[in-house]
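Visitor: Provided below are the primary sequence and the corresponding predicted coordinates.
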Amino acid sequence: MSSESVIREPLITGGKTVHDVTEDISRRVEEKPTKLWMLAMTISLGLFAVGAYTVFLLLWHGVGMWGLNKTVGWAWDITNFVWWVGIGHAGTLISAILLLFRQRWRMSINRAAEAMTIFAVICALQFPILHTGRPWLAIYWMFPLPNTFGSLWVNFNSPLLWDVFAISTYFLVSLIFWYIGLIPDFATIRDRARNKISKSIYGALSFGWDGAAKTWSRYETVALVLAGLATPLVLSVHTIVSMDFATSVIPGWHTTIFPPYFVAGAIFSGFAMVLTLMIVTRKVYKLEDYITIQHLEMMNIVIIITGSIVGVAYLTELFIAWYSGVEAEQYAFLNRATGPYWWAYAAMMTCNVVSPQLFWFKKIRTNIAATFVLSIVVNIGMWFERFVIIVTSLHRDFLPSSWAMFYPTFVDVGVYVFTFGLFFTCFFLFAKFFPVINMAEVKSIIKTTGEKAK
Amino acid sequence: MMSNTKFILGVYEDEDILLSAITNIRTAGVKIHEVYSPFPVHGIDDVLGYKRSKLSIVAFLFGVLGTSLALTMQIGMMGVDWPMIIGGKDFIPYPSFVPVIFELTVLLAAYGMCFTFFIVSDLKPWAKPRIFDLRITDDKHVMAIDLDQNKIDVAKIDKILKDNGASEVNQKTFDEA
């Protein structure tokens, strides 16, 4: 007796052949920039320019241009930093953890998600660098470099220093992981190139890739080992970011729940950003056969899970604050929920805990418009989460006479806008000049999971 | 490298036909120079008789190097060169060293392995690869047979390739110094 397993839904629809994959993806790199792309690029360069002016003001006049005061010494700067780093978690999670779990649906989205990761981390890095006030000297403050200030070294007890190592390692490893995946696809574009300039540029980028079986075999080993290395790395990055807070003695920050809670939140916001970008890219580049409703549904399921973990973490924090019997801790949470920043807390709870629960309904999680809206809602919520954790824990400190509120200045807003300009400029350049879907990986599953496969 | 290297190329459309062709052609006594594919073909290294890549060992060794460097650096800076009392901790507070040890281990393992991969596979921006067929990076698998390494005559190899499902058989000569 033999039994046959149920045929799975095809991951790539539209009866695509291997050659169609090459055509559909490479065409986007080869065609002339469209009007829509020019418009998008103009807007993001505009944001970048406006933001760059406020960055200039910040560096010229100093960090006092931000709305920080002696009570709230950390606000939008670190909120935006954590927010961007969190977004930067999806790419490597998709390409590393989903590779280890052999989840083939990752193949259509990993390239763009990793690109997004790299650009998000670049945006995140702007904040600690600008916060130093004199970035040209900051290299001595951040890295253990020999210097002329006495043999003064960095402090390895400081979680802020761990962060320097964690973020730089994460950035570098994600970059090489992404690049190695790009090499075979650059070779495809090189071999199709008609003019000399693109042939030599993509020729250099493709590192002389020839598709030999021996090289492919090594390539697969490299990808697998990199995935194994990147998996704990992804988890370590936000763990260490959370230690920036958790190792302090501020009520509301000093909690052991932070590492897993931050990691779940990071994956949550990262997937939301991937969805926002992929829904648009898929529509504009007509990639509906590669990024199917099934792909969007899978990502929405990840959002429900991580959103629920984040929700449980919020409730656990409240419970432990009450259960600890520490008055300062209890007040910190009471103040978060009912104090002058109650609206931020309410926004966080609604966007992060309540709204993703809508994805339990299959109709909603397979609806593109609903997914798009909710993915943006999630990222608004995650921004508020960091704002709530950071500002509301600080603004009413141990001495009521020094209680204060935080009001952002236009430079706070401008630097945030600057990172948006930077992010979208990078992303649009990527979408135009790089293959947005990993062609080689998708080709390898056409036969087994394409529509014609049995 | 030899000058005027002459190859016979068997073009295959399908990876399963390719795999059985490789086995048959190798048993017929033809030496295959290399097979080129647009994507990684599962099981191709077994039929070609390639050993498993040792790059994972390279990664491990670089990882060990990273761990030792991180430990040496932190102990050296905090414990030997400029000891300072920070928060009443030891001069060499091992628990505080864990994150940096972990990050440098991963960093060196990843970069050490990737650069070794680039070197052993001769991947570099200024490389001039032999392009056997432009469609290799599109949708065709190409089996290259070096005529200098085989004593069998061309017509016979041609027939073996065609009998084993090759959709085309071409010849290509590289003039190399």
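Guide: Nice, I can see it. Residues are numbered from 1 along each chain as shown, chains lettered A, B, ... in the order given.

Visitor: Please make it C-alpha for all contacts and neighbour counts, starting now.
Guide: Noted.

Visitor: May I ask which helix or strand encompasses A:N155?
Guide: Under DSSP states H and E, no helix or strand contains A:N155.

Visitor: what number of residues lie near the residue lying closest to it once chain neighbours are set aside?
Guide: Of all residues not flanking A:N155 in the chain, A:L161 sits nearest, at 7.0 Å (C-alpha to C-alpha, 6 or more residues apart in numbering or on different chains). Neighbour count for A:L161, taken as other C-alpha atoms under 10 Å in any protein chain shown: 21.

Visitor: which ones are touching A:L161?
Guide: A:142, A:154-155 (C-alpha atoms under 8 Å, 6 or more residues apart in numbering or on different chains).

Visitor: Spell out the secondary structure type for the residue nearest to A:T392 when sequence neighbours are not counted.
Guide: For A:T392, ignoring the flanking residues on the chain, the nearest one in space by C-alpha to C-alpha, 6+ apart is A:R336 at 5.8 Å. What DSSP: H, G, I helix; E, B strand; the rest coil gives for A:R336 is helix.

Visitor: how close does A:R336 sit to chain B?
Guide: 30 Å (C-alpha to the nearest C-alpha, to the nearest Å).

Visitor: I'd assumed A:V388 was in contact with that residue.
Guide: Yes: A:R336 lies in contact with A:V388 (C-alpha atoms under 8 Å); the separation is 7.0 Å.

Visitor: Please give me every residue in contact with residue 116.
Guide: The chain I'm using is chain A. Each residue near A:M116 by C-alpha under 8 Å, 6+ apart is listed here: A:88, A:91, A:274, A:427.

Visitor: other chain: chain B
Guide: Contacts of B:T116 by C-alpha under 8 Å, 6+ apart are B:55, B:58.

Visitor: can you tell me which helix or strand it belongs to?
Guide: helix B:94-120.

Visitor: same thing with B:V35?
Guide: strand B:34-36.

Visitor: May I have the residues that are in contact with residue 157?
Guide: The chain I'm using is chain A. Neighbouring residues of A:N157 by C-alpha under 8 Å, 6+ apart: B:86, B:93, B:96-97.

Visitor: my question was about chain B
Guide: B:V30.

Visitor: can you map out the strands along the stretch 301-450 of chain A?
Guide: With DSSP state E, counting those that start in this stretch as the criterion, the stretch 301-450 of chain A has no strands.

Visitor: Flag every residue of it that's near chain B.
Guide: A:440-441, A:443-444 (C-alpha under 8 Å from any C-alpha of the partner chain).

Visitor: now the residues you listed as a markdown table including pLDDT, neighbour count and distance to A:F420?
Guide: Conversion of these to a markdown table gives the following (pLDDT from 0 to 100; neighbours: other C-alpha atoms under 10 Å in any protein chain shown; distance: C-alpha to C-alpha, whole Å):
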| residue | pLDDT | neighbour count | distance to A:F420 |
| --- | --- | --- | --- |
| A:A440 | 89 | 25 | 31 |
| A:E441 | 87 | 20 | 30 |
| A:K443 | 86 | 25 | 33 |
| A:S444 | 85 | 19 | 35 |
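
Visitor: number of nearby residues for A:W322?
Guide: Residues near A:W322, counting by other C-alpha under 10 Å, number 16.

Visitor: my read: it touches A:Y331, true?
Guide: No: the criterion here is C-alpha under 8 Å, and A:W322 misses it with A:Y331 at 9.3 Å.

Visitor: pretty sure B:G88 belongs to a helix, no?
Guide: No: B:G88: not assigned to a helix; according to three-state DSSP it is coil.

Visitor: Pull the residues that contact stretch A:124-137.
Guide: For stretch A:124-137, the external contacting residues (C-alpha under 8 Å, 6+ apart) are A:58-59, A:62-63, A:77-78, A:80-85, A:138, A:419.

Visitor: Hmm, I typed the wrong one, I wanted stretch A:334-350.
Guide: A:311, A:380-382, A:384-385, A:387-388, A:392-393.

Visitor: most surrounded residue in these?
Guide: That'd be A:M382 among these, by other C-alpha under 10 Å, with 29 neighbours.

Visitor: where's it relative to A:H395, distance?
Guide: 20 Å (C-alpha to C-alpha, to the nearest Å).

Visitor: With A:F427 instead?
Guide: According to C-alpha to C-alpha, A:F427 stands 36 Å off from A:H395.

Visitor: And those two? Which one has more around it.
Guide: A:H395 (25 against 20).

Visitor: which among the contacts of A:N157 end up buried?
Guide: B:93, B:96-97 (16 or more other C-alpha atoms under 10 Å in any protein chain shown).
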